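*Asks:* for reference, the sequence and a predicted model appear below.
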Amino acid sequence: MAVSKKSISKKLVDLDTALAAVKDGMTLGIGGWIFHGQPMALVRGLVRKGVRDLTLVPAPGSVAPDMLIGAGCVKTTACVFISFEHLGLAPNFRRAAQSGAIKVLEMDGPGIAGGLRAGACDLPYGLIPDLGTDLPKVNPEGYRKARVQEGGRPLLEVPAIKPDVVFLHGQQADEEGNVQYFGAGYFDLLMTQAAKHVICSVDRIVPSSTVRQQARLTKIPSAFVDAIVVAPFGAHPGGSPGLYGQDEQHLKAYVAASRDQAAFDAYLGEHARGGEDAYRERIGAKALAGLTTGDAR
């Protein structure tokens, strides 16, 4: 895929410009894994933008999908799980699922991966092993018995997943849009290949010479990226592997605030509505510095 010099120069944009691509009713993929690489600056920006009726396809996540659900941005989610692990369940997700405020399409890892692979290959569905779960019963939209079997091995068909937009967070990128990860890429590359539009926040921009010298760290090549947003501590309160860890105290405060809609609305007013500069100022430079790992690569 050829990328012109003109298109390269336009990849590095501000947050609002990047988020202009996200419209009501779209399918949004969210990368990262639990507390790692959650694209929180992009999510907070989307909350401010007030987008509604999204179909959300998150990798196994925590605060990013939970925040979008609590802010009323989501109509449907197809997910493996949304959880705060040792900090408990995801309160906004649980409340919305139990009340019927959102439609939940239960998936497993193979189902999400199979759907994304099909989307990346422009196929109508993907084939995955039938592991004998009840997923075809609880989510008949997402799983069906395969019409073609292989040597008697039971298989399932999963519809292609083709997100309109995908949000990712990497540790660094160059101005050409080559995104580098200091840790695992999880589902991020699959989501990138399947998506129509990819927006990636990064903690910092580095020279292209740095990217070339450490080419093994480039998980998302420029050809797949539509917009790069520079967002220092853009994964907070989650962590950005190799740069800073998750903020346990803030995550605990988030979970506590999320147990009640009024308290969560107050949390959004305090931490999401004022912009990223105000967010970092409120968290405090000293507190953020205390999360850094010292691994500058």
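*Replies:* Perfect, I can see it now.
*Asks:* which residues touch P136?
*Replies:* Residues in contact with P136 (C-beta atoms under 8 Å, 6 or more residues apart in numbering) are 143-145, 156. Glycine gets a C-beta too; all of them are placed from N, C-alpha and C.
*Asks:* now with 7 Å?
*Replies:* By C-beta atoms under 7 Å, 6 or more residues apart in numbering, the contact set of P136 is 143-144, 156.
*Asks:* need the strands for this structure, in chain order.
*Replies:* 27-30, 54-58, 74-79, 103-106, 125-129, 144-145, 155-159, 165-173, 179-180, 198-205, 218-220, 227-230 (DSSP state E).
*Asks:* now do the fifth one: which elements does it pack against?
*Replies:* Translated: strand 125-129. helix 109-120, strand 155-159 (3 or more C-beta pairs under 7 Å, 6 or more residues apart in numbering; DSSP states H and E).
*Asks:* would you check the distance separating the first one from the middle of the chain?
*Replies:* Okay, so that is helix 109-120. In terms of C-alpha atoms, centre = their mean, to the nearest Å, the centre of helix 109-120 is set 15 Å apart from its chain centre.
*Asks:* buried ones in that helix, by neighbour count?
*Replies:* Going by neighbour count (16 or more other C-beta atoms under 10 Å), the buried part of helix 109-120 is 110-120.
*Asks:* what sits against V230?
*Replies:* Listed by C-beta under 7 Å, 6+ apart, the contact partners of V230 are 202, 204-205.
*Asks:* show the pLDDT at R147.
*Replies:* R147 carries a pLDDT value of 83.
*Asks:* sorry, that was for T293
*Replies:* Value listed for T293 in the pLDDT field: 83.
*Asks:* wait, it touches G242, no?
*Replies:* Yes. T293 is within contact range of G242, at 6.3 Å (criterion: C-beta atoms under 7 Å).
*Asks:* can I get the helices and strands packed on strand 125-129 in TSV with mean pLDDT?
*Replies:* Output for those, formatted as TSV (pLDDT from 0 to 100):
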stretch	mean pLDDT
helix 109-120	96
strand 155-159	96
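*Asks:* V225 is nearest to which of those?
*Replies:* When those are compared by C-beta to C-beta, helix 109-120 sits nearest V225, at 15.1 Å.
*Asks:* count the residues that sit near P140.
*Replies:* 10 (other C-beta atoms under 10 Å).
*Asks:* for V202, see how far away it is.
*Replies:* Separation of P140 from V202 (C-beta to C-beta, to the nearest Å): 39 Å.
*Asks:* OK, contacts around G72?
*Replies:* Counted by C-beta under 7 Å, 6+ apart, G72 has contacts R52.
*Asks:* any idea how far R95 is from the spatially closest residue to R44 that is not a sequence neighbour?
*Replies:* Leaving aside its chain neighbours, R44 sits nearest to A272 (4.4 Å; criterion: C-beta to C-beta, 6 or more residues apart in numbering). In this view, A272 and R95 are 18 Å apart by C-beta to C-beta.
*Asks:* who's more crowded, T293 and G242?
*Replies:* A count of neighbours by other C-beta under 10 Å puts G242 above the other of T293 and G242, at 19 against 13.
*Asks:* tally of neighbours for the nearest residue in space to the more buried one that is not next to it in sequence?
*Replies:* In space, and not counting its chain neighbours, G242 is closest to F182: 2.9 Å by C-beta to C-beta, 6+ apart. For F182, the count of nearby residues is 20 (other C-beta under 10 Å).
*Asks:* cool, and the one 4 residues further on?
*Replies:* Using other C-beta under 10 Å, Y186 has 20 other residues around it.
*Asks:* same deal with G284?
*Replies:* Using other C-beta under 10 Å, G284 has 10 neighbouring residues.
*Asks:* and if you look at V22?
*Replies:* Using other C-beta under 10 Å: V22 sits among 20 other residues.
*Asks:* try the one 3 residues further on
*Replies:* Summarising burial for G25: neighbours were counted as other C-beta under 10 Å, giving 11.
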